[in-house]
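**Q** here is the input, now give the coordinates:
(chains A and B)
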There are 2 protein chains.
Amino acid sequence: MMDISRRTLLTGTAAAAATVALDPLAGISAAHAATPAAGKQAPGFYRAKLGDYEITQFADGARTFPMPDPFVKNVPKAEALAAAEAAYMPKGMVTVPFNPILINTGSKLVLIDAGYGPGIAPQVGLLPVHMAAAGVDPNSVDIVVLSHLHPDHINGVKTADGKLAFPNAEHMVPAPDWAFWMSEENAGKAADNAMMKGYFANVRKILGDMASKVTKYEWGKEVASGITALDTSGHTPGHTSFAVASGSAKMLVQSDVTNIPELFLRHPDWHVMFDVDPAKAQQTRHKFYDMAAADKTLIAGFHFSFPSQGYVEKDGASYRLVPIRWNPVL
Amino acid sequence: MMDISRRTLLTGTAAAAATVALDPLAGISAAHAATPAAGKQAPGFYRAKLGDYEITQFADGARTFPMPDPFVKNVPKAEALAAAEAAYMPKGMVTVPFNPILINTGSKLVLIDAGYGPGIAPQVGLLPVHMAAAGVDPNSVDIVVLSHLHPDHINGVKTADGKLAFPNAEHMVPAPDWAFWMSEENAGKAADNAMMKGYFANVRKILGDMASKVTKYEWGKEVASGITALDTSGHTPGHTSFAVASGSAKMLVQSDVTNIPELFLRHPDWHVMFDVDPAKAQQTRHKFYDMAAADKTLIAGFHFSFPSQGYVEKDGASYRLVPIRWNPVL
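**A** Here you go, the predicted structure:
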């Protein structure tokens, strides 16, 4: 307002001049305080139609942390760091987002993966907040499908007080992952590997009391109408992607066929530290993207930057992600 | 719930069996109706920090329409269509988004460009809706800076009833664009060109009553603290980009140095139908992106897909946009 008043005075309109004559403080009293910064991000959800289905992509959050050594097991750290920096990540750091997807088939509300849940870090576990912003009641979720049993995918099935976050939902787990992670023999073998030891303990902590309640699903079958479980094992023994089809519309929910595309889609032969069977994960990656690229199939990626969907193109021996364009109205 | 009940019955837990024994309709009454589709997109705003400044990027909307002939003036239509299709646009169509930006400098709330305003199409003119969702009061906007005087940038300064949409704001226009579009001589010369004729009429309709109120700004000077107007003419005679700096943080608000990057960043020598001086616009484009690519400067683009920010890289004689990663928390 002060700028306007000054300008108005300079251009000398009668009304402004009259005001000033009546009240010498008019210019000052009319000045409003500087607007404080909002300091708050927009809610992390994004909607799209897929045939008759409605997709809601959620951001559970993103973590930026010093790149572990090794983050990529089969290249020198400097090479991995250079790739992160080339993707405009802060020097020495890596950013990993976590983005579950909700599919409304018209008869079922199906959540694929549940995010990090409470208590990990303030930057993650935001799924409940963003669901609320999107007007989705956790009680209305019919099915929670877990793509594999890593913490960032499963921990969100429980609240901070250990209750079910989606109390009315059927919980579905890939049969081979359940067998692998629940095996005491496998847990024993992992005793010397801190990361794996933590994963085995976490599966027990989060899902240990649900053994009689989970549904174990098989590859090649539907987990819900139009949502077919696909064998994309390697990352974990039961790692699963999903083909979602409604009418002629189709998309792939890749889960963790890659971790962040900036590193592992650009460099599909790189092995992320989290892979249980890195060679098989690499093979899966090529098969999956060769198919998706040839068919130009839309892909949702749990570790793609929100809104987490795009098309994958071949680029020599590598691949490139082309993110979708944000559609402001459905 | 019906799935759970059926499954629970099959696995035969005592509690479920007891419930069914007491009430044979329990399985049915517990079934909730299928959740209806939300049918509504998330609000189109995105926040980021730039030094001490807070940036809010807004979606005013996006239009998908059959590609006009010519949309690109200096290549065959088939070539332009192929580029659009290669960017996963619907066959025969082109999608153009419109995304104004708001900068809170700590002392001023500065809106650069105002969107399409009311009455054009339901897919655009959404800035007021998204501002409300972001908690931004139009009355609190201190300065509206127009990058150039095309309808998608200026029409939003007025409401449907012709009032100022940002009634307390100083309105700033690039001096050369004001001179060009307000010239009756120029308007007369454009009488045979329907598009240009429409533009001249529109400038008069929207800004005609504001001649004594607008501030005409010059290149090389600040329009507000830390926001410097840059000569990027060609698209229009007064077309302006902005360098925004707070401390050591910097970004470029490019306005329309390109229209959609899928066509005109990938093909910087292509001439979009809207350019007043296409050859100069082409020259500007190379200078602007060569500089931004060398400096790895963050760029906000009015016609980049929401959230409308990214880095531009050289790719041979062409350029490539690397969109920012969505940051779920500030």
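**Q** would you mind measuring from the residue nearest the centre of chain A to chain B?
**A** For chain A, the residue nearest the mean C-alpha position is A:Asn99 (1.2 Å; CA atoms, centre = their mean). Here A:Asn99 is placed at a distance of 9 Å from chain B (CB to the nearest CB, to the nearest Å). Yep, even glycine has a C-beta here, placed from its N, CA and C like the rest.
**Q** residues near the closest residue to that residue other than its chain neighbours, how many?
**A** Nearest non-adjacent residue to A:Asn99, counting by CB to CB, 6 or more residues apart in numbering or on different chains: A:Ser308, 4.0 Å away. By other CB atoms under 10 Å in any protein chain shown, the residues close to A:Ser308 number 26.
**Q** I'd say A:Ser308 and A:Phe98 touch.
**A** No. Distance between A:Ser308 and A:Phe98: 9.4 Å, which falls outside the contact criterion (CB atoms under 8 Å).
**Q** so who does A:Lys250 touch?
**A** A:Leu50, A:Ala243, A:Val244, A:Thr297, A:Leu298 (CB atoms under 8 Å, 6 or more residues apart in numbering or on different chains).
**Q** cool, A:Met67 as well?
**A** A:Lys77, A:Ala80, A:Leu81, A:Ala84, A:Gly92, A:Met93, A:Val94.
**Q** where's the fourth one, which helix or strand?
**A** Using DSSP states H and E, the element containing A:Ala84 is helix A:77-86.
**Q** if we can go back for a sec, report the contact partners of the residue nearest to A:Asn99.
**A** A:Ser308 makes contacts with A:Tyr46, A:Gln57, A:Ala59, A:Pro97, A:Asn99, A:Ile101, A:Ala300, A:Gly301, A:Phe302, as judged by CB under 8 Å, 6+ apart.
**Q** what about A:Asp209, distance to A:Leu164?
**A** 10 Å (CB to CB, to the nearest Å).
**Q** where in chain A is pLDDT low?
**A** A:1-33 (pLDDT under 70).
**Q** walk me through the domains of it.
**A** A:1-36, A:45-323 (automatic domain parsing).
**Q** determine which stretch of the ones you listed is the most buried.
**A** Of all the domains of chain A, domain A:45-323 has the most neighbours on average by mean count of other CB atoms under 10 Å in any protein chain shown, namely a mean of 19.
**Q** quick one, phi/psi of the closest residue to A:Phe242 other than its chain neighbours?
**A** In space, A:Phe242 comes closest to A:Val253 once its chain neighbours are excluded; the distance is 4.2 Å by CB to CB, 6+ apart. Backbone geometry at A:Val253, expressed as degrees, to the nearest 10, gives phi -100, psi 110.
**Q** relative to chain B, how far out is A:Val253?
**A** Distance from A:Val253 to chain B, by CB to the nearest CB: 18 Å.
**Q** contact partners for that residue?
**A** Counting by CB under 8 Å, 6+ apart, A:Val253 makes contact with A:Ile101, A:Ile112, A:Ser147, A:Ser241, A:Phe242, A:Val244, A:Ile299, A:Ala300.
**Q** what's the answer for A:Ser233, then?
**A** A:Pro176, A:His239, A:Thr240, A:Asp277, A:Lys280, A:Thr284.
**Q** secondary structure element holding it?
**A** A:Ser233 belongs to no helix or strand when assigned by DSSP H and E.
**Q** A:Met251 too?
**A** Short version, using DSSP H and E: A:Met251 is in strand A:249-255.
**Q** ok so, going back, just how off-centre is the helix holding A:Ala84 within its chain?
**A** A distance of 22 Å separates the centroid of the chain from that of helix A:77-86, by CA atoms, centre = their mean, to the nearest Å.
**Q** what packs against it?
**A** Helices and strands touching helix A:77-86, by 3 or more CB pairs under 8 Å, 6 or more residues apart in numbering or on different chains; DSSP states H and E, are helix A:261-264.
**Q** tell me which helix or strand comes right after the helix it packs on.
**A** Next along from helix A:261-264, by DSSP H and E: helix A:278-295.
**Q** how far off centre is the next helix or strand after that next one?
**A** With elements assigned by DSSP H and E, the helix or strand that comes after helix A:278-295 is strand A:298-301. Relative to its chain's centre, strand A:298-301 lies at 11 Å (CA atoms, centre = their mean).
**Q** now do the helices in the stretch 1-150 of chain A.
**A** A:2-11, A:14-22, A:26-29, A:77-86, A:127-133 (DSSP state H, counting those that start in this stretch).
**Q** pull up the residues of the stretch 101-250 of chain A that are close to chain B.
**A** A:104, A:106-109, A:122-123, A:126, A:133-137, A:139-140, A:142-143, A:168-170, A:212, A:215 (CB under 8 Å from any CB of the partner chain).
**Q** among those residues, which are located in strands?
**A** Secondary structure defined by DSSP state E assigns A:Asn104, A:Leu109, A:Ile143, A:Glu170, A:Thr215 of those to strands.
**Q** my read is that the fourth one contacts A:Leu146, right?
**A** No. At 11.5 Å, A:Glu170 and A:Leu146 do not qualify as touching, with contact defined as CB under 8 Å.
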